[in-house]
Structure formats: C-alpha cells, structure tokens
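Asks: only the shape, not the letters, is given here:
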C-alpha cells in the first residue's frame, strides 16, 4: 500500500508541474502568479549554485593575489607600495568575500567555520605531513622522541636539529652593556631578553588594565581566548587540538602557539602566533586603548614571539606581522611570526590594507624600540 501512495503522490506533483507550465504559456509569455510557483528544491539548487560560484571566484582571486603578495625579493625586502599596492586587490577582494560568506553561514548555522586560509593552532607533538626539512626545533624533538624512525630517518632528524640549535651568526652581534664584555652572545641574548620582558611586562599591565574577553562565544575567537588564558575564558576549551601546555608556550602577559598552516619559501616553515592575555579584538582595538598601552603590548608581543621562535623553531631574523584589522579572520589580537625569507598569507607586504609587518634581527635595545614604534604607527 505504501508504494501505491508514493506513486500517487509523484503523479500529483508531476500533474501540478505540467499544469503550471500550461498556465504560464497561456499568459502569452507574461509572468503570472502561477509561473512563480517553483518547487523549493529548484530554488535551493539555484542558491547552492550561486554560493559555489562566489566561492570559486574568491578562491581564484585569493590565489592570484597571494602569488604576488606572498613573495618578496631575495634580500628580505618587503614589497613596496608600487609593487604591491595595485596587486593587493585580488587578495583583499577574496578575503572580504570569504568574510561575507562566513558571516552569512554564521547567521544561518550559529557558528563560524574555518576557511582554508584561517588560523588553526597546532599541538606541539604534531609532526604529521610535515617534511623533516621544514620542521622547527620543537617538532624535531617530538619526532626523535617518538621511537618510530629508522636509522636513516633518525640521523637526518638529528642533523637537522643540530643545525636548528646552532648559535646566531656573529656577524650581527648584540650591543654589549658595560661590564658584560666577556659574556657569550647566547648568554647576553638571554639576559637582554629577560631585562626587556621584565620592564615591558610590568608597564603593560599598569597601562592597559584588566581587559576581559567580550567576543563571540564560538569558533576560533573563543579558542584563541582560551589558549591565551583570558580570565573570561578559563575553565573551558572548544579548541579541537585542546588547550594548555601541550599547545602553548606561556609568558607573563602573552602565550605563543604554532599554526597548522605553514610559511612558504623557507625552512623551518613554522608560523608562530602570539596573543596577549588581555583581550584586544584587532590592532585597531589595541590602538584605541591609548599610545602607552599599545606601545607596551606591541613591545611585549615582539619580544615574546622572538624568544619562542629562537628557542623552539630556529635561529635568525624573523618577520612579525598583524593582518589589517578589516581582514583579520580571528577577532582576538595575535602577532604572526615566520622566517625571514618566507611568505605567509600575503605577508610580508608594505601595503597597509593587507598587513603591518616589521623584521626583527636581534634584541638590540635600539632596534626593538624602532620596531615597536613602527608597528604602533602602522596600526593607528
């Protein structure tokens, strides 16, 4: 009996559609109320096709934009305004399109999905699908402790780790304070960092005050808040990779964690994300907190990301960047750090509509001061 009812229903639908076509034709080509009676399935299919077309255009635009913006000349110079200003349109358009698509999806589903270029934290012990040649110090240590390597693989990983741990080149010595003349460059770097972090930490807390998270209660924004240890997000974890010491390196006022996506054009290709424990939605939000607060937060982020990169990834100069506030996908302030000769998500670039970047070469006090001032100026 059920098959008979199903057949009857199908015949009724078919008759209804035929009737609608006949009535539409009888109107002499004019649109009528009857001609607008489209099956819901067709309407949904049309919407799905339109959404797919938008995604395809966005992906194409992002690819074209990143092909240009994601590269810079071999000496580490960032793209100039003349080189990147016009070409930035592809990346900016794609990012804006992705944000619009995500916002629409969020309003319909109540959650924001990760896009292919959005940031996703990585566990420290994750070594899957990463070539040994591109691993940083922490991943090489994790790989060697796993015990699943053959002799050749182990030797390769050990040699790579040894090269990652080699001291900074002596052709870029740190300035030596009085009385430290006999101190090694590595010990000096540690002392300089400790002094800078101590002064920066106390000033940052005093100038910015307590800033609890007030952002979205789902997705990457909340995950970053939980990883940062903001008071409003403690006691829970929505991050798919988990929270805590297996993911983050903790500092006095910030945390650092590795990103799943990797930089291109360099090794190690690890990208680090450093976020303040105090909540700022974007670089613009930090700028609105006042010059003193912004200066100290930026300085702390620069120092802590440098420290973690040198200890856990590799030695050498690094790019440190904020995405422009209008295109940042995760609405919890974070500094992105990657190797000098690499590129990541259209960075580095001198185009301020895309990103705000500085290149850090050492812990020299004057050098750090200049970078801090430059980055604070860019985000205003």
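Replies: Everything's here; your move. In this text the structure is predicted, and so the values were computed from the model without any measurement. Numbering: from 1, shown residues only.
Asks: what's the spacing between the closest residue to residue 317 other than its chain neighbours and residue 241?
Replies: With Cβ to Cβ, 6 or more residues apart in numbering as the criterion, residue 317 has its nearest non-adjacent residue at 4.1 Å, and that residue is residue 340. (Glycine included, C-beta is placed from N, CA and C.) Distance, residue 340 to residue 241, by Cβ to Cβ, to the nearest Å: 27 Å.
Asks: was I right to think residue 297 contacts residue 208?
Replies: Yes. Because the distance of 6.4 Å satisfies Cβ atoms under 8 Å, residue 297 is recorded as touching residue 208.
Asks: compare the two (neighbour count), which wins?
Replies: residue 297 (27 against 20; other Cβ atoms under 10 Å).
Asks: returning to what we had before: give me the common contacts of residue 297 and residue 208.
Replies: 278, 289 (Cβ atoms under 8 Å, 6 or more residues apart in numbering).
Asks: quick one on the thing from earlier: who has more neighbours out of residue 340 and residue 241?
Replies: Per other Cβ under 10 Å, whichever of residue 340 and residue 241 has more neighbours is residue 241, with 18 against 15.
Asks: secondary structure class for residue 216?
Replies: coil (DSSP: H, G, I helix; E, B strand; the rest coil).
Asks: touching, it and residue 222? I think so.
Replies: Yes. If you go by Cβ under 8 Å, residue 216 and residue 222 touch, sitting 6.3 Å apart.
Asks: measure residue 354 to residue 297 for me?
Replies: Taking Cβ to Cβ, one finds residue 354 at 21 Å from residue 297.
Asks: where does this protein have low pLDDT?
Replies: Judged against pLDDT under 70, the low-scoring parts of the chain cover residues 1-118, 168-206.
Asks: helices of that one, start to end?
Replies: Counting by DSSP state H, the chain has these helices, from start to end: 2-25, 40-69, 81-84, 88-109, 137-145, 151-164, 185-208, 219-228, 283-288, 291-312, 365-379.
Asks: okay, residue 132 and residue 166: tell me how far apart.
Replies: Counting by Cβ to Cβ, the gap from residue 132 to residue 166 is 17 Å.
Asks: same check, this time on residue 359
Replies: Per Cβ to Cβ, residue 359 is found 21 Å from residue 166.
Asks: who has more neighbours out of the two?
Replies: Legend: neighbour count by other Cβ under 10 Å for residue 359 and residue 166, higher for residue 359 (15 against 10).
Asks: residues in a beta bridge with the more buried one, which ones?
Replies: On the basis of DSSP bridges, residue 359 is bridged to residue 319.
Asks: same check, this time on residue 355
Replies: Beta-bridge partners, per DSSP bridges, of residue 355: residue 323.
Asks: is it in contact with residue 323, as I believe?
Replies: Yes. Counting by Cβ under 8 Å, residue 323 is a contact partner of residue 355 at 5.3 Å.
Asks: so between those two, which is more surrounded?
Replies: residue 355 (28 against 22).
Asks: who's in contact with that one?
Replies: 321-324, 346-349.
Asks: save the residues you listed as CSV, and put in distance to residue 126 too.
Replies: Converted to CSV, the contacts of residue 355 look like this (distance: Cβ to Cβ, whole Å):
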residue, distance to residue 126
321, 23
322, 25
323, 24
324, 29
346, 25
347, 23
348, 26
349, 29
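Asks: among these, which one sits closest to residue 292?
Replies: Residue 292 lies nearest to residue 322 out of the contacts of residue 355, by Cβ to Cβ, at 18.6 Å.
Asks: give the contact list for the closest one.
Replies: Neighbours of residue 322 in contact, by Cβ under 8 Å, 6+ apart: 283, 328, 333-336, 355-357, 375, 378-379.
Asks: one more time with 7 Å, if that's ok
Replies: Residue 322 makes contact with 283, 335, 355-356, 379 under the criterion Cβ atoms under 7 Å, 6 or more residues apart in numbering.
Asks: go on, residue 270?
Replies: Residue 270 touches 136, 258, 262, 313, counting by Cβ under 7 Å, 6+ apart.
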